[in-house]
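S.K.: Take this sequence and fold it.
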Amino acid sequence: MEAKFQIFLSLLGVLAGTALVARRTDVAPAILLLLVGVVLAFVPGMPSLELPPELVLLVVLPPLIYSASVAMSWREFRANLRPIILLSVGCVIFTAFLVAAATHYLIGLPWSVGFLLGAIVAPPDVVAPLAIARKLGMPRRILVILEGEGLANDATALILYRFALAAITTGLFSLPKATGTFLVIVAGEIAFGTAVGWLSLRARRRARDPQVEITLSLITPYLAYWIPEHFGGSGVIATVACGLYMSWNGPLLISAATRLQGIFFWDLIIYLIEGLLFLLTGFQMRSLYEKSKSFPLHDILTATVLVAIIVIVARFLWVFPGTYLPRWISRQLRDRDPLPSWRAVFVVAFTGVRGAVSLAAALALPLTLPNGDAFPYRDLILFVAFGVIFVTLVGLGLTLPPVVRWLGLAKDGRSEHIAEHEQEIAARREALNPALKSLDAITDDRELSDEVVKLLRSRHEIRVNQLPDTLDPEKHDASAAGTALTRELISSERKFIHMLLRDGKITDETRRRIERDLDLEEASLSNREYRKIPL
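M.R.: Predicted structure coming up:
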């Protein structure tokens with residue numbers, strides 16, 4: 001037990017160190033973590049670390065999907081529902097079919113095995129491509145489509161995975177029955193996930209305690225995921241529906257204290273989960289290498305290269321016609337949603353990075369069939385799945401930044417980012433007007449002392465004066481300078497409070513209360529600070 005805990009601490013240290021290197025080298029942490037995991041797996045004396053598939057599918061996946069769904073805007077998700085469905089459902093099925101056809105005719109795999117492999121490698125990852133895309137400052141709609149696809153495509157892939165697995169183990173498959181089952185699963189999980197979100201919000205509202213509410217928020221994704229998964233569904237759709245419901249209905253029902261503590265809690269949890277997941281994915285290379293010895297190296301490399309090319313090309317073959325054909329056919333759609341730039345479509349097609357869910361699905365394959373025979377091509381499927389993850393994550397992930405710069409999308413994202421922040425300033429100013437009217441009404445209706453009224457009006461004036469005319473430092477530098485000076489003043493105040501504590505003039509409890517106010521003020525500065533988008 002002690003040895004396992006030491007390994008866990010070592011992995012946390014590697015995670016933190018790799019994150020620092022990623023920041024200095026400007027490389028996505030997921031790519032470096034995967035590479036570091038591969039290198040560490042072959043270090044002499046390093047114990048073999050297996051990635052249990054149930055850990056990913058039942059323990060890790062629910063909070064990842066739920067957190068991303070809560071952070072997702074339901075309004076933007078609904079506005080981009082058509083391209084999201086085309087990618088998360090249509091592109092996954094199309095890719096799985098092409099992989100099945102290519103491996104059947106070029107390698108000789110049975111159709112059922114090829115379709116199973118296709119279902120495993122078809123869904124792009126929800127974590128890595130978004131981390132890279134956000135860092136590059138791409139236009140908002142591209143990010144929304146990629147995020148929406150990443151949330152929903154695992155559901156399609158896992159359902160296809162179950163159908164293909166059943167076809168291999170039982171030898172039976174009916175397309176009409178599978179289609180009907182798919183539609184029932186989707187409708188049922190949407191209803192169930194929405195119900196879990198409603199129930200969770202009501203329970204958290206009754207709790208009125210941040211620790212209890214955060215605990216309930218941790219339980220929520222597992223409740224939404226595990227029950228549909230137990231009855232033969234994917235669990236992913238229910239978790240996405242639950243998260244989107246919480247995102248849309250939660251702001252007015254969750255207290256400020258719970259929100260502040262919950263953001264920190266979930267940010268830390270997701271950071272650790274994502275980092276350890278990619279690190280452990282790299283560690284699987286050692287066991288896969290040992291298993292690959294039973295196959296000719298030429299066969300493994302041929303299958304891996306073939307499938308990697310198919311999943312990359314299939315996305316382009318689907319995305320461009322899926323974007324332009326509906327608009328050429330429907331004038332109504334063309335008027336409502338004009339043709340996007342080919343550059344934006346190219347980036348969406350290019351961002352097809354596979355992740356740990358594909359590897360977990362491959363690892364979850366049974367060792368034997370019900371009749372006792374070995375599961376056909378299991379080790380080959382494992383190696384190909386890891387190879388596709390490696391090729392897409394490292395290859396596409398490293399080339400995405402120069403592609404985005406070459407296409408000039410970062411400049412479009414920067415212009416959009418400036419406009420969004422201008423809207424933020426306007427919204428902040430407009431939101432202060434109802435507050436001032438409420439203050440006037442309260443002053444007229446209640447007997448308030450002049451000191452109280454003066455204090456409230458001073459607070460309002462301070463908040464108005466804190467808003468600059470623009471958040472773009474190239475047009476207005478006062479905001480950035482004021483923020484830096486405010487941080488210096490807060491630092492001076494914090495040092496003085498510590499001196500009072502050291503001299504015994506205040507207690508630790510007093511120091512903590514004052515320090516919390518200073519921390520919140522400093523955090524509010526970061527929240528309003530302009531972040532420049534790289535060109």
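
S.K.: T215 - how many residues pack around it?
M.R.: When counting by other C-beta atoms under 10 Å, one arrives at 14 neighbours for T215. (Each C-beta comes from the backbone N, C-alpha and C, glycine too.)

S.K.: Need phi/psi at it.
M.R.: For T215, the backbone dihedrals are phi -60, psi -40 (criterion: degrees, to the nearest 10).

S.K.: what's the answer for A96, then?
M.R.: Residue torsions, per degrees, to the nearest 10, at A96 are phi -60, psi -40.

S.K.: residues touching the residue nearest to it when sequence neighbours are not counted, list them.
M.R.: Of all residues not flanking A96 in the chain, G118 sits nearest, at 3.3 Å (C-beta to C-beta, 6 or more residues apart in numbering). Each residue near G118 by C-beta atoms under 8 Å, 6 or more residues apart in numbering is listed here: 95-100, 103, 160.

S.K.: State the helix or strand in which G118 lies.
M.R.: If you go by DSSP states H and E, G118 is part of helix 111-121.

S.K.: Flag every buried residue along that helix.
M.R.: Neighbour-count burial for helix 111-121 flags 112-121 (criterion: 16 or more other C-beta atoms under 10 Å).

S.K.: Also stretch 209-217?
M.R.: Buried residues in stretch 209-217 (16+ other C-beta under 10 Å): 210, 213-214, 216-217.

S.K.: next one: stretch 99-114
M.R.: Those would be 99-100, 102-104, 107, 109, 112-114, for stretch 99-114 by 16+ other C-beta under 10 Å.

S.K.: Dump the residues you listed to TSV, plus pLDDT and distance to A195.
M.R.: Listed next are the buried residues of stretch 99-114 as TSV, based on pLDDT from 0 to 100; distance: C-beta to C-beta, whole Å:
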residue	pLDDT	distance to A195
V99	96	36
A100	95	36
A102	95	41
T103	94	40
H104	93	42
I107	90	45
L109	91	41
S112	90	35
V113	92	38
G114	93	38
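
S.K.: Tell me the predicted confidence for the closest residue to V353 other than its chain neighbours.
M.R.: Nearest non-adjacent residue to V353, counting by C-beta to C-beta, 6+ apart: P129, 4.5 Å away. With respect to pLDDT, P129 has a value of 78.

S.K.: contacting residues for P129?
M.R.: Per C-beta under 8 Å, 6+ apart, neighbours of P129: 146, 150, 351-353, 397, 400.

S.K.: switch the cut-off to 7 Å
M.R.: Contact analysis of P129 by C-beta atoms under 7 Å, 6 or more residues apart in numbering lists 146, 351, 353.

S.K.: Give me the neighbour count for the first one.
M.R.: The burial metric for L146, expressed as a neighbour count using other C-beta under 10 Å, is 25.

S.K.: Which strand or helix spans it?
M.R.: Per DSSP H and E: helix 140-170 holds L146.

S.K.: Could you figure out how far that helix is turned away from helix 111-121?
M.R.: Orientation of helix 140-170 against helix 111-121 (axes from the mean of the first three to the mean of the last three C-alpha atoms, to 10 degrees) gives an angle of 150 degrees.

S.K.: Quick one: mean pLDDT for helix 140-170?
M.R.: Averaging pLDDT residue by residue across helix 140-170 gives 88.

S.K.: helices and strands around the helix or strand just after that helix, which ones?
M.R.: Using DSSP H and E, the helix or strand that follows helix 140-170 in sequence is helix 175-207. Using 3 or more C-beta pairs under 7 Å, 6 or more residues apart in numbering; DSSP states H and E, the elements in contact with helix 175-207 are helix 140-170, helix 210-230, helix 236-249.

S.K.: Serialize the buried residues of stretch 99-114 to JSON lines and add fields for distance to V89.
M.R.: Converted to JSON lines, the buried residues of stretch 99-114 look like this (distance: C-beta to C-beta, whole Å):
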{"residue": "V99", "distance to V89": "16"}
{"residue": "A100", "distance to V89": "17"}
{"residue": "A102", "distance to V89": "21"}
{"residue": "T103", "distance to V89": "22"}
{"residue": "H104", "distance to V89": "23"}
{"residue": "I107", "distance to V89": "27"}
{"residue": "L109", "distance to V89": "24"}
{"residue": "S112", "distance to V89": "21"}
{"residue": "V113", "distance to V89": "23"}
{"residue": "G114", "distance to V89": "20"}
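
S.K.: circling back to that earlier point, most tightly packed of the helices and strands packed on helix 175-207?
M.R.: Mean neighbour count (mean count of other C-beta atoms under 10 Å) peaks for helix 236-249 among the helices and strands packed on helix 175-207, with a mean of 26.

S.K.: tell me which residues in stretch 126-140 are buried?
M.R.: By neighbour count on 16+ other C-beta under 10 Å, the buried set for stretch 126-140 is 126-133, 135-140.

S.K.: and which of these is nearest V388?
M.R.: Nearest to V388 out of the buried residues of stretch 126-140 is A128 (C-beta to C-beta; 13.3 Å).

S.K.: which stretches of this protein have low pLDDT?
M.R.: 1-2, 173, 292-295, 466, 468-482, 527-535 (pLDDT under 70).

S.K.: quick one, helices of the stretch 251-400 of the chain?
M.R.: In the stretch 251-400 of the chain, the segments counted as helices under DSSP state H, counting those that start in this stretch are 256-291, 297-329, 331-336, 342-350, 356-363, 378-390, 397-407.

S.K.: Could you export these as JSON lines, including mean neighbour count and distance to R24?
M.R.: Putting these into JSON lines (neighbours: other C-beta atoms under 10 Å; distance: least, C-beta to C-beta, whole Å) gives the following:
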{"stretch": "helix 256-291", "mean neighbour count": "18", "distance to R24": "17"}
{"stretch": "helix 297-329", "mean neighbour count": "17", "distance to R24": "30"}
{"stretch": "helix 331-336", "mean neighbour count": "10", "distance to R24": "45"}
{"stretch": "helix 342-350", "mean neighbour count": "19", "distance to R24": "26"}
{"stretch": "helix 356-363", "mean neighbour count": "27", "distance to R24": "25"}
{"stretch": "helix 378-390", "mean neighbour count": "23", "distance to R24": "23"}
{"stretch": "helix 397-407", "mean neighbour count": "16", "distance to R24": "15"}
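
S.K.: Noted, bye for now.
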